[in-house]
Each structure stands twice: as C-alpha cells, then as structure tokens.
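Undergrad: pasting the structure only:
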C-alpha cells in the first residue's frame, strides 16, 4: 500500500514540467513537500493554493550546483520539520546533435554539470540526515542513452550514465543502513516543448509526466521497501 502521509519530501526542479507533476503527486498524497527551484514567482504561481501552507516549504534561489546553497536548504528543511525522508531530483537537461569531434567542450561540461553534478551534490547533502534517522529514499532521473551510448549525444549519454552509476554505488553503500536509492528512466515525456520540437511525432505514445510521477511516488513509499539500486524503465510506447 502506498502511504507517504506526513513524509518530508524534497523535490528539486519543482517548477519544471516533471517537477510540477511530481510535486502535485506528493502534495495530493499528504506529504510535506519542500519545493526547490530558482523561479520564486513561478513556484508561487503554480502552487498558489499551497504556497502559504505551514506544512510545506517553497525554497527559492537554490542553486543545486552550489553545495552551500543546497546545504542551506537541507538545514532549513530539518529546522522546520525535524527530518528529511525523501529526495526526488528532477533537475536535468538535454543537449546533443553533434559527433564527438564537433562537440564543444562547453557542451560536455554543461551536461556533466546539469545532470551528474547536481545528482551528486543533492544526494551528498541529504544523506547525513537520512543516516542519522536510519531511513530515507533518494530518486534520480536517468535516461535511456545512459544505458547505451547513442551517436551524436556522447556528452548527454555519459552524464546520464554517471547518474546511473552514482545510484548503483550509493545503493551499495547505504542499503544496509536503511536508505533506498533508485532511479527511473523515462521515455519521451509528453511536454509542450517536446510537442513543439517533434511536431510529426505521436505524443499518444509518449509518457505523461503525471504517469512518471506515480512511479516515483511508489518508489518513495514503503511499498518499495525492497527495491534498491534499481534502474526502472518507464518508456510508455516511445
């Protein structure tokens, strides 16, 4: 049975398309949600009915690539709620389209920073509290090219592969200490941007953010207590 009522859940990238769906899923399930995003106004506009609620925390101006900024958010969360049960890191992005010899170093660094470094920093920040509690869950977002490298997307593939290896390594380190670490691999998400970028595609075959959010909700719950180090595909028909 999925039950996360009153669990303290941190969602990074909460104003993004997936982040919005994930945040709403946890809010609707009774969790205490800490929403992380740089976009203060956007967060408050999206979740206007909840943004003033004492049982939630809408953190702003948090740079998930800055360890001090993330640690400050974690400290605020613990100070307010006394615990931190789940991290769902939805921060990430895509840049590809060129073979390696034509790919700027900036693209490589950007992908590693946005996808892999954020996963490392956010995980590192929440783990001490989870270890203190003897419980916790961490969920990251990977990608199919992280399983097998694809032509013209080496930087993206490598960065998402790093996320998967990080998840597997953390699971090995912490599963005996009460902490579950997993990741999901979505197929093409049905977002306005993807519809714009791929106008000839059939979005009915894609994965809706709300559907992926339900899988993440399950992984965060006690129903997934025996799932460790999993790389879970959620491909839809894409």
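TA: Good, I have the coordinates. Since we're looking at a predicted model, the values are computed, not measured. Numbers count the residues shown, from 1 in each chain.

Undergrad: residue 42: neighbouring residues, count only.
TA: The local packing of residue 42 (other C-beta atoms under 10 Å) involves 15 other residues. C-beta here means a position set from N, CA and C on the backbone, and glycine is covered the same way.

Undergrad: now it. Nearest residue, chain neighbours left out?
TA: Leaving out its chain neighbours, the residue that sits closest to residue 42 by C-beta to C-beta, 6 or more residues apart in numbering is residue 15, at 4.5 Å.

Undergrad: so which strand or helix has residue 137?
TA: Assigned by DSSP states H and E, residue 137 falls within strand 136-141.

Undergrad: quick one: buried residues of that strand?
TA: In terms of neighbour count (16 or more other C-beta atoms under 10 Å), strand 136-141 has its buried residues at 136-141.

Undergrad: rebuild these as a markdown table, extending it with distance to residue 20.
TA: Formatted as a markdown table, the buried residues of strand 136-141 follow (distance: C-beta to C-beta, whole Å):
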| residue | distance to residue 20 |
| --- | --- |
| 136 | 24 |
| 137 | 20 |
| 138 | 20 |
| 139 | 16 |
| 140 | 18 |
| 141 | 14 |
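
Undergrad: quick one: which of the residues you listed is nearest to residue 9?
TA: Nearest to residue 9 among these is residue 137, at 8.8 Å by C-beta to C-beta.

Undergrad: who does that closest one form a beta bridge with?
TA: With DSSP bridges as the criterion, residue 137 is bridged to residue 86, residue 180.

Undergrad: I'd say it and residue 85 touch.
TA: Yes: between residue 137 and residue 85 there is a contact under C-beta atoms under 8 Å: 6.8 Å.

Undergrad: what residues do these two have in common as contacts?
TA: With contacts defined as C-beta atoms under 8 Å, 6 or more residues apart in numbering, the residues shared by residue 137 and residue 85 are residue 220.

Undergrad: now do the same contact list for the residue nearest to residue 42.
TA: 35, 37, 39, 42-43, 46.

Undergrad: for residue 34, same thing?
TA: 8-11, 56-59, 73, 77, 84.

Undergrad: and the helix ranked longest in the chain, which residues are buried?
TA: Longest helix of the chain, by residue count under DSSP state H: helix 154-174. If you call a residue buried by 16+ other C-beta under 10 Å, then helix 154-174 has these buried ones: 154-164, 166-168, 170-171, 174.

Undergrad: hmm, back to that, which members of the contacts of residue 15 are classed as buried?
TA: Buried, going by 16+ other C-beta under 10 Å: 35, 37, 43, 46, out of these.

Undergrad: inside helices: which ones of those residues?
TA: With DSSP H as the criterion, helices contain 43, 46 from among these.

Undergrad: okay, the nearest residue to residue 214 once chain neighbours are set aside: pLDDT?
TA: Among residues not flanking residue 214 along the chain, residue 25 sits closest, at 6.5 Å (C-beta to C-beta, 6+ apart). Here, the pLDDT recorded for residue 25 equals 96.

Undergrad: give the helix, strand or coil label for residue 25.
TA: helix (DSSP: H, G, I helix; E, B strand; the rest coil).

Undergrad: give the contact list for it.
TA: Residue 25 makes contact with 210, 213-214, 216-217 under the criterion C-beta under 8 Å, 6+ apart.

Undergrad: where does this protein have low pLDDT?
TA: Within the chain, the segments meeting pLDDT under 70 span 1, 40, 51-52, 59-60.

Undergrad: torsion angles phi and psi at the residue in the chain sticking out farthest from the centre?
TA: Residue farthest from the centre of the chain, counting by C-alpha atoms, centre = their mean, is residue 101 at 30.8 Å. In terms of degrees, to the nearest 10, the main-chain angles of residue 101 are phi -70, psi -10.
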